[in-house]
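S.K.: Give me coordinates for this.
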Amino acid sequence: MTAELFYIHDPMCSWCWGFAQARKKLFESVPENVTIRRLLGGLAADDDQPMSAVMQQYIQQNWRSIEYKVPGLRFNFDFWHLCQPRRSTYPACRAVIAARQQGDEYDEAMTERIQQAYYEEAKNPSDNETLIELAADIGLDEHRFSVDINADTTEQILKDEIQLSTELHAESLPSLVLKVDDAVWPVAIDYLDASPMLKLIEMLSVDS
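M.R.: Predicted structure coming up:
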């Protein structure tokens with residue numbers, strides 16, 4: 001029997017950032033027989049147009065909701081007047097894939113750097129120029145990254161991961177899905193406590 005825990009996320013998904021601390025505690029505690037696999041769910045496709053006022057208000061309200069739900073978490077609302085927001089998260093997703101090409105450890109490192117830049121430093125990860133700067137920040141080969149982020153293979157990997165996320169019935173971000181052999185089990189997200197998620201995963205994977 002095999003057990004695989006899929007984490008479906010997007011680096012520009014604010015709820016994914018709100019889930020970061022509980023998720024890290026969970027990943028540190030999952031049974032050794034459970035393999036963790038990160039998938040990019042692709043929240044918003046490429047779009048060069050400015051974000052509508054309605055969407056800006058909606059996302060800002062999400063930020064406030066997350067601050068209320070997760071103690072100690074704070075967003076930098078300066079983003080909304082320092083940057084030109086676009087409803088476009090695919091560039092950030094491709095950045096994570098491009099980073100991954102230089103080592104699996106850069107998948108999470110790039111995700112975290114994008115989140116810091118977006119939510120804490122009021123930088124815009126919808127822009128490739130910003131993403132290249134962030135790649136340099138975490139020690140990536142900047143030239144290689146700038147080529148890989150625009151490569152057809154990177155785009156295809158993103159499409160494949162979005163498709164797999166759909167097949168796993170990940171209907172929202174973030175999502176956790178445990179696959180034990182051919183059986184697929186959704187794991188309800190708990191933003192404050194890893195214990196309920198861990199107990200379910202242990203129960204379902206105990207015989208794997």
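S.K.: Which residue ranges of the chain form strands?
M.R.: For the chain, the strands defined by DSSP state E cover 3-9, 34-40, 175-180, 183-187.
S.K.: Make a markdown table out of those and add distance to residue 63 and mean pLDDT.
M.R.: C-betas here are computed from N, CA, C, even on glycine. Below are those laid out as a markdown table (distance: least, Cβ to Cβ, whole Å; pLDDT from 0 to 100):
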| stretch | distance to residue 63 | mean pLDDT |
| --- | --- | --- |
| strand 3-9 | 17 | 97 |
| strand 34-40 | 21 | 97 |
| strand 175-180 | 20 | 97 |
| strand 183-187 | 25 | 96 |
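S.K.: so which of those comes closest to residue 97?
M.R.: Closest approach to residue 97 among those (Cβ to Cβ): strand 34-40, 7.0 Å.
S.K.: quick check: angle from the closest one to strand 3-9?
M.R.: If you take axes from the mean of the first three to the mean of the last three Cα atoms, to 10 degrees, strand 34-40 sits at 20 degrees to strand 3-9.
S.K.: Output the contacting helices and strands for strand 34-40.
M.R.: Under the contact criterion of 3 or more Cβ pairs under 8 Å, 6 or more residues apart in numbering; DSSP states H and E, strand 34-40 touches strand 3-9, helix 90-100, helix 152-167.
S.K.: what's the closest of the strands of the chain to residue 205?
M.R.: Among the strands of the chain, strand 3-9 comes nearest to residue 205, with 4.0 Å by Cβ to Cβ.
S.K.: Pairing partners for that closest one, with directions?
M.R.: strand 34-40 (parallel), strand 175-180 (antiparallel) (DSSP bridges).
S.K.: okay, these in JSON lines with mean neighbour count and distance to residue 7 next?
M.R.: Shown next, in JSON lines, are those (neighbours: other Cβ atoms under 10 Å; distance: least, Cβ to Cβ, whole Å):
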{"stretch": "strand 34-40", "mean neighbour count": "17", "distance to residue 7": "5"}
{"stretch": "strand 175-180", "mean neighbour count": "21", "distance to residue 7": "6"}
